[in-house]
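Colleague: Give me a 3D structure for the following:
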Amino acid sequence: MIQPKRIAMISLHTSPLEQPGSGDAGGMNVYIRQLALALATQGAHVDVFTRAAWENRSVEMAPGVICHEVQAGPTGKISKEELANHLQASADAICAYAAHFEPYDVIHSHYWLSGIVGLELSEHWGIPLIHTMHTMGKVKKASAKTEESSDRIAGEMLLCQQADRLTANTPAEAIELEQLYGTATDHIDVVAPGVDLEVFHPRVCPERESSSTSLRVVFAGRIQKLKGPQLLVRALGIIARERPDLDVKLSVIGARSGAKELNLQKLVEAEAVEHMVRFILPMPAEHLARAFRCADVVAVPSYSESFGLVALEAQACGTPVLAHRVGGLPFAMRDGVSGLLVDENEPEAWAAALVSLAEDVELRKRLGKQAAVFASGMGWEQTALASLDSYAMAQNSPIVSSKPELHDSAAF
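Modeller: So this is what the prediction gives:
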C-alpha cells in the first residue's frame, strides 16, 4: 500500500502548543504533538488545525509539522460546550484558510468535535477521514457517572458510521466502539500511544530516599473530579488518622480544569493533611520527568481513562504506577509487574494500597526496574507506523457512503 505523505490533523478545542495539565490540555495534546513529530520522522508532512481565540497564525513545531490556529466563531476563548455550536463556522474557516495549500492525502481528527468538522472537510476535499475518540461519552457516563450531552453521543455515533476508519488506544476501547457504538470491527485499528523515551527515561534522583516508613507520591494531571485526585487526599486523611507513624507525602502537579471545578485545597484543609500535600503548577515534560524519577510511586486514580499517558511516562522513568483498574490503564501498565492496580476507586482502597507500598521498599524497587523495561519498547515511532498503516487502509478502502451536511450540534 502507498503510504500517505500529507496529513491534515484536526484538534479543534485544544492546541498541541498548550501546556498539558491545565484547562482542556492533557494527554490528547501530548498524543497529537508526539504523533505529528513521529510521522514527520517517517517522511510525512503534518498540518495540525486548531481553533484560534483571536486571530489566525501558524507555528512550525518541527520540520514537516506546522500548527495552524484558525479563528472561527466568536472571538475569545470558548468552552467545549459552546464550541459545539460553531462547528460549521470552524469547517468553513479551515476550508478557506487551507484553500491554496497542497492537497492532503488523509484527515486524522481527534475528539468528537474535531471529528464532526473532519466529516465536512473529508467531503469537501474528497479524502478519507480517520478518527480517534480519545474519550467517549457513553463510556464516561457508564464508568464515571458523568453528564454527557445528547449532542456528543449523537456526534460520536455519526462518526462511528461515517469515518473511514477509527483508531482505538487499546483492545478494550475497540470493544467499546463495537458494543456501545456499533462500529464495524474491520474498520477499527488498535494504535497504542507511545512515550518520548528521550525525555522520560530512568536516572538517579539524589533526593529520592527509600525508607520503610516513607512514601513520596505524585499525581500529575488536570485537577478535576474525573481524574480522581480527591481520592488521594481522602486516602491521606485515613492514613494520617490510622497510621501516623508513616511519612506519606503527595505532590499534585496540575491546575483546575472543567466546568465544575474541584476545590482540592479546601478538601486538603477539611482532611487536615496540609502537611502531607503540596501543589505544583503544570510543568514542561523535562521537569515532569524529574518529578517522576524522584517519586516512589505515581498515582492515577481516574474514574475513566482511555489509556493513561502519565502512567506510561512514569514507568519509562523507572517509577512504578498505582492506578485504578479502568479503561486503558490495565494496558498502559502490567499489574504486579510494573505497578499495581486498585480495583475499588474508594479512599479506603487507595489508603490500603499506599500503606502497602510505603511498608515494602523492595516491592517498590522491583516494580520500578520492571516498569522501565516495560516502557522501553513503547516509543512514538511504533504509534506513527501503526497510524500510517491505518491511513493507508483508509485510502485504499474508504467507506462508500455520503457524509451528511454539517449543521452544528443542533443537527444531532
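Colleague: ok, Leu166 - contacts?
Modeller: The contact partners of Leu166, taken as C-beta atoms under 8 Å, 6 or more residues apart in numbering, are Ile130, His131, Thr132, Met133, Leu159, Cys160, Leu177, Thr183, His187, Ile188, Asp189. Heads up, the C-betas are built off the backbone N, CA and C, glycines and all.
Colleague: Next one: it from Leu158, what distance?
Modeller: Relative to Leu158, Leu166 is positioned 12 Å away (C-beta to C-beta, to the nearest Å).
Colleague: and Trp54, what does it touch?
Modeller: Neighbour list for Trp54: Gln71, Thr75, Gly76 [criterion: C-beta under 8 Å, 6+ apart].
Colleague: What of Pro128?
Modeller: Contacts of Pro128 (C-beta under 8 Å, 6+ apart): Val106, Ile107, Ser122, Asp164, Arg165, Tyr391, Ala394, Gln395, Pro398.
Colleague: For the last one, report the pLDDT, please.
Modeller: The predicted local distance difference test score for Pro398 is 52.
Colleague: do the same with the second one
Modeller: Here, the pLDDT recorded for Ile107 equals 98.
Colleague: on that earlier part again, including secondary structure, pLDDT and neighbour count, could the contacts of Leu166 go into TSV?
Modeller: As requested, the contacts of Leu166 are exported to TSV (DSSP: H, G, I helix; E, B strand; the rest coil; pLDDT from 0 to 100; neighbours: other C-beta atoms under 10 Å):
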residue	secondary structure	pLDDT	neighbour count
Ile130	strand	98	27
His131	strand	98	27
Thr132	strand	98	28
Met133	coil	97	26
Leu159	helix	98	23
Cys160	helix	97	22
Leu177	helix	97	25
Thr183	coil	96	23
His187	helix	96	19
Ile188	strand	98	20
Asp189	strand	98	19
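Colleague: now for the residues you listed, which pair is the farthest apart?
Modeller: Comparing every pair within those by C-beta to C-beta identifies Leu159 and Asp189 as the most remote, at 14.6 Å.
Colleague: Only the C-alpha atoms, please, for the one helix or strand in the chain whose mean pLDDT sits lowest, written as CSV.
Modeller: Ranked by mean pLDDT, DSSP states H and E, the weakest helix or strand in the chain is helix 137-143, scoring a mean of 89. Coordinates of the C-alpha atoms in helix 137-143 are reproduced here as CSV (Å, rounded to 0.1, in the frame of the first residue of the first chain):
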residue,chain,number,x,y,z
GLY,A,137,-19.4,10.0,26.1
LYS,A,138,-21.1,6.6,26.6
VAL,A,139,-18.0,5.2,28.4
LYS,A,140,-17.7,8.2,30.7
LYS,A,141,-21.4,8.0,31.6
ALA,A,142,-21.1,4.3,32.5
SER,A,143,-17.7,4.4,34.3
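Colleague: Go through the protein and flag its longest helix.
Modeller: Ranked by residue count under DSSP state H, the longest helix found in the chain is helix 380-396.
Colleague: Which strands or helices does it pack on?
Modeller: Packed against helix 380-396 by the contact rule (3 or more C-beta pairs under 8 Å, 6 or more residues apart in numbering; DSSP states H and E) you find helix 27-41, strand 106-110, strand 129-132, strand 165-168, strand 188-190.
Colleague: what's the closest of these to Leu231?
Modeller: Shortest distance between Leu231 and the helices and strands packed on helix 380-396, using C-beta to C-beta, is found for helix 27-41: 18.9 Å.
Colleague: Sort out which residues of that closest one are buried, please.
Modeller: By 16 or more other C-beta atoms under 10 Å, the buried positions in helix 27-41 come out as 27-40.
Colleague: element containing Pro103, please.
Modeller: Under the criterion DSSP states H and E, no helix or strand holds Pro103.
Colleague: Let me see the contact set for it.
Modeller: Arg6, Trp125, Ile127.
Colleague: Next: Gly237.
Modeller: With contact set as C-beta under 8 Å, 6+ apart, Gly237 has these partners: Glu271, Ala272, Val273, Pro347.
Colleague: can you tell me which of these are in helices?
Modeller: Pro347.
Colleague: residue ranges of the strands in the stretch 1-150 of the chain, please?
Modeller: Using DSSP state E, counting those that start in this stretch, the strands of the stretch 1-150 of the chain run over 6-10, 45-52, 57-62, 65-71, 106-110, 129-132.
Colleague: For those, give me CSV that also has distance to Leu340.
Modeller: Listed next are those as CSV, based on distance: least, C-beta to C-beta, whole Å:
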stretch, distance to Leu340
strand 6-10, 35
strand 45-52, 36
strand 57-62, 36
strand 65-71, 37
strand 106-110, 31
strand 129-132, 28
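Colleague: Leu250 is nearest to which of those?
Modeller: Taking the strands of the stretch 1-150 of the chain one by one with C-beta to C-beta, strand 106-110 is closest: 31.0 Å.
Colleague: What is that closest one packed up against?
Modeller: By 3+ C-beta pairs under 8 Å, 6+ apart, strand 106-110 packs against strand 6-10, helix 27-41, helix 112-125, strand 129-132, helix 380-396.
Colleague: Quick check: Leu232 touching Leu250?
Modeller: Yes: counting by C-beta atoms under 8 Å, Leu232 does reach Leu250; the two are 5.8 Å apart.
Colleague: So for the two, which residues contact both of them?
Modeller: Taking C-beta under 8 Å, 6+ apart as the criterion, Leu232 and Leu250 both touch Val217, Phe219, Ala299.
Colleague: Can you tell me the element Leu312 falls in?
Modeller: helix 309-316.
Colleague: For that helix, buried residues please.
Modeller: Result for helix 309-316 [16+ other C-beta under 10 Å]: buried residues Leu309, Val310, Ala311, Leu312, Glu313, Ala314, Gln315, Ala316.
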